[in-house]
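*Asks:* Have a look at this prediction, sequence included:
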Protein chains: 2
Amino acid sequence: MKIIFLGTSASKPTSERNPPSVALQYNNGEFMLFDCGEGTQRQMIKKVSPMKISKIFITHLHADHIMGLVGLIQSMKLNGRTQLLEIFVPKDTIEYMKQLFSIPYFSADFEIHVIEAFDQKIEFDGYWIRPFPVSHGVPAIGYVFGVNDSRGKFNKKLCDELGIKGEMFSSLEKNGKIEVNGREISIDEVTGKLRKGKKIVYTGDTEKIETFPEEAYHCDILIHDSTFISQEDKKETYHSTVKEACEVAQLLSAKKLVLTHISQRYETKEVEEESKKYCENAIVAEDFLEINL
Amino acid sequence: MKIIFLGTSASKPTSERNPPSVALQYNNGEFMLFDCGEGTQRQMIKKVSPMKISKIFITHLHADHIMGLVGLIQSMKLNGRTQLLEIFVPKDTIEYMKQLFSIPYFSADFEIHVIEAFDQKIEFDGYWIRPFPVSHGVPAIGYVFGVNDSRGKFNKKLCDELGIKGEMFSSLEKNGKIEVNGREISIDEVTGKLRKGKKIVYTGDTEKIETFPEEAYHCDILIHDSTFISQEDKKETYHSTVKEACEVAQLLSAKKLVLTHISQRYETKEVEEESKKYCENAIVAEDFLEINL
């Protein structure tokens, strides 16, 4: 899997940072987007195929998180897309999304399902999403993206020796065992080491919260709002400081923290230095940062 | 005056070209935008101050020409703008614009006037606009931007010698003459060469049209839709080929032709080569091209 940061600014673009969007490429080549700020489709060029985006997870409906949707969808249409696009939004915002999509001349030749994401796990083919409420002064959610543990790869040489071939693999997969030449073989015998699942938490914009779903704990990567360095700059906004993001990383025992949604008032270096005070495993996202996991 | 091309692509952005927008800086520092595609506010960084934009002239309401408006206005608000913003749109589209501005959480702390531009000249302080109908399958207009001839600069040395000073200048300006030390002096005697007016024509998206308002003729710069090279690529779209744009330049006796809204299927060089067949004074716009006039 690969995470690509397409936009890492707060509120406004800067010359270095586009408004928020994070792309996730799943093992099968499928892409998902988390938020879709203005200019996202241009950031995607040569990195993310619009035609391979199956789902877009929106954290909240402030303009800097959604204004890339219309252009992206219009470009998908121009490219002749026929595949369904699913867009997940916070509870009580579906009417707002409909309003956005009722602007003049907006149309798509493919189906778009806008789905309100509640505070519960949604299973997909091979992965799951766990939306959870955050605190941003408007309906807003974060997402845990998860892939469960899965069996290791088939040992092809061994399977060959044992006479396992063709449709026997799917039968073995389905039943966990198979009889070949009078001998019962379990799937564990012919597959390698268990492949450990992965979990990514993306908070979107939020002030520091302390209640997370169980699924968020021990995540591999926590991508956290880190708009401000000081409380003075933060004031009463519903955003987090670097320190608060680091505290959340500790609370969740996150293996890695990626700070994003960086206010234009700071240099990346300042944010990095601040994070080093509180967290060893933190990095500051920059546009086009890629993380493989 | 200065023209800055902020976006020169057709429909979709490319790695080289952003969706359409052209900025015009008037002599007094005031900026105007013609169209405002997605990502325009980012293209403006270090080139156009959002706070100095007084007017935005929209040619039509297809997404690639307007999707930068919301983000730009939200950033103006964040920057504390108080100045009025005027947005001109084609006849019969004001309701559509209202729909765009009624999307969730959109707000501005300053006044925005959305004004339908009819087929007649609008005078402003020092310059004028002449909207005119084009042919794009939806309500669409082009604009002639004009600055009238104006008197030359005061010859300060001569004024000094003749004793013209202080408030006498505004009196001279107002009455065209003044009496100093018993002698009547006309403004022509103490000012330099007449400063020739300028005219810029921006068509927006259009198929070739042959009816233009009188004001469009003999323009200094014609900025014309030039989406396609061949009629085969163009098909039945309401756009122009390079050849057609060149023919319009000849029709209008334009001093310079700037081809823009370039389809992603072409290299800039191809478009340039095609234009050279028909027009000596044509150039192909690229993002951030600046023209002083």
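*Replies:* Thanks, I have it. Residues are numbered from 1 along each chain as shown, chains lettered A, B, ... in the order given.

*Asks:* I'd say A:Met168 and A:Val180 touch.
*Replies:* Yes: the pair A:Met168 / A:Val180 is scored as a contact, 7.0 Å apart, by C-beta atoms under 8 Å. (Each C-beta comes from the backbone N, C-alpha and C, glycine too.)

*Asks:* what's the overlap in contacts for the two?
*Replies:* Counting by C-beta atoms under 8 Å, 6 or more residues apart in numbering or on different chains, no residue touches both A:Met168 and A:Val180.

*Asks:* From the structure, what's the count of residues near A:Ile223?
*Replies:* 29 (other C-beta atoms under 10 Å in any protein chain shown).

*Asks:* and what of A:Ile122?
*Replies:* For A:Ile122, the number of neighbouring residues by other C-beta under 10 Å comes to 15.

*Asks:* ok, now which ones touch it?
*Replies:* A:Phe88, A:Trp128, A:Ile129, A:Arg130, A:Pro131 are the contacts of A:Ile122 under C-beta under 8 Å, 6+ apart.

*Asks:* And those, which of them are buried?
*Replies:* Neighbour-count burial (16 or more other C-beta atoms under 10 Å in any protein chain shown) is assigned, among the contacts of A:Ile122, to A:Phe88, A:Trp128, A:Ile129, A:Arg130, A:Pro131.

*Asks:* Rebuild the residues you listed as TSV, extending it with pLDDT, secondary structure and distance to B:Glu273.
*Replies:* What follows is the buried ones among the contacts of A:Ile122, written out as TSV (pLDDT from 0 to 100; DSSP: H, G, I helix; E, B strand; the rest coil; distance: C-beta to C-beta, whole Å):
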residue	pLDDT	secondary structure	distance to B:Glu273
A:Phe88	98	strand	48
A:Trp128	98	strand	54
A:Ile129	98	strand	51
A:Arg130	98	strand	56
A:Pro131	98	strand	53
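
*Asks:* Now the two most distant members of those.
*Replies:* Farthest-apart pair in these is A:Phe88 and A:Trp128; separation 12.4 Å (C-beta to C-beta).

*Asks:* contacting residues around stretch A:166-174?
*Replies:* For stretch A:166-174, the surrounding residues in contact (C-beta under 8 Å, 6+ apart) are A:Phe154, A:Cys159, A:Ile164, A:Ile178, A:Val180, A:Ile185, A:Ile187, A:Val190.

*Asks:* List the ones among these that fall in strands.
*Replies:* A:Ile178, A:Val180, A:Ile185 (DSSP state E).

*Asks:* Any chance of a PyMOL selection covering the buried ones in those residues?
*Replies:* The buried residues among the ones in strands among the contacts of stretch A:166-174 can be selected in PyMOL (16+ other C-beta under 10 Å) with this line:
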select buried, chain A and resi 178+185
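
*Asks:* Closest one of the ones in strands among the contacts of stretch A:166-174 to B:Leu72?
*Replies:* Nearest to B:Leu72, judged by C-beta to C-beta, of these is A:Ile178 at 62.6 Å.

*Asks:* which residue packs closest to the closest one, ignoring adjacent ones?
*Replies:* Nearest residue to A:Ile178, sequence neighbours excluded (C-beta to C-beta, 6 or more residues apart in numbering or on different chains): A:Leu172, at 4.5 Å.

*Asks:* where does the one you found fall, phi/psi-wise?
*Replies:* phi -60, psi -40 (degrees, to the nearest 10).

*Asks:* per-residue confidence for it?
*Replies:* pLDDT recorded at A:Leu172 is 91.

*Asks:* Just the closest residue of the stretch 151-293 of chain A to chain B, please.
*Replies:* Scanning the stretch 151-293 of chain A for proximity to chain B using C-beta to the nearest C-beta identifies A:Gln264 as nearest, at 9.9 Å.

*Asks:* quick one: contacts for that residue?
*Replies:* By C-beta under 8 Å, 6+ apart, A:Gln264 lies in contact with A:Ser9, A:Ala10, A:Ser11, A:Lys12, A:Thr14, A:Arg17.

*Asks:* can you give me phi and psi for the residue of chain A most remote from its centre?
*Replies:* Residue farthest from the centre of chain A, counting by C-alpha atoms, centre = their mean, is A:Gly182 at 46.6 Å. In terms of degrees, to the nearest 10, the main-chain angles of A:Gly182 are phi 80, psi 0.

*Asks:* all helices of the stretch 151-293 of chain A, in order?
*Replies:* Ranges of helices in the stretch 151-293 of chain A, per DSSP state H, counting those that start in this stretch, are A:156-162, A:168-175, A:187-190, A:231-234, A:242-251, A:268-278.

*Asks:* Could you dump the ones you listed into TSV and include mean neighbour count?
*Replies:* Below are these laid out as TSV (neighbours: other C-beta atoms under 10 Å in any protein chain shown):
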stretch	mean neighbour count
helix A:156-162	13
helix A:168-175	14
helix A:187-190	16
helix A:231-234	12
helix A:242-251	22
helix A:268-278	16
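
*Asks:* out of those, nearest to A:Met44?
*Replies:* Comparing the helices of the stretch 151-293 of chain A by C-beta to C-beta, helix A:268-278 comes nearest, at 22.0 Å.

*Asks:* Pull out the buried positions in stretch A:211-218.
*Replies:* Residues A:Phe212, A:Pro213, A:Glu215, A:Ala216 are the ones in stretch A:211-218 that count as buried (16+ other C-beta under 10 Å).

*Asks:* so what's the second one up against?
*Replies:* What it means is A:Pro213. Applying C-beta under 8 Å, 6+ apart, the residues near A:Pro213 are A:Asp119, A:Arg130, A:Phe132, A:Val144.

*Asks:* Adding distance to A:Val22 and secondary structure, write those residues out as JSON lines.
*Replies:* Shown next, in JSON lines, are the contacts of A:Pro213 (distance: C-beta to C-beta, whole Å; DSSP: H, G, I helix; E, B strand; the rest coil):
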{"residue": "A:Asp119", "distance to A:Val22": "21", "secondary structure": "coil"}
{"residue": "A:Arg130", "distance to A:Val22": "16", "secondary structure": "strand"}
{"residue": "A:Phe132", "distance to A:Val22": "16", "secondary structure": "strand"}
{"residue": "A:Val144", "distance to A:Val22": "14", "secondary structure": "strand"}
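
*Asks:* If any of these are buried, put those into a PyMOL selection.
*Replies:* Buried residues within the contacts of A:Pro213, by 16+ other C-beta under 10 Å, are selected in PyMOL with:
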select buried, chain A and resi 130+132+144
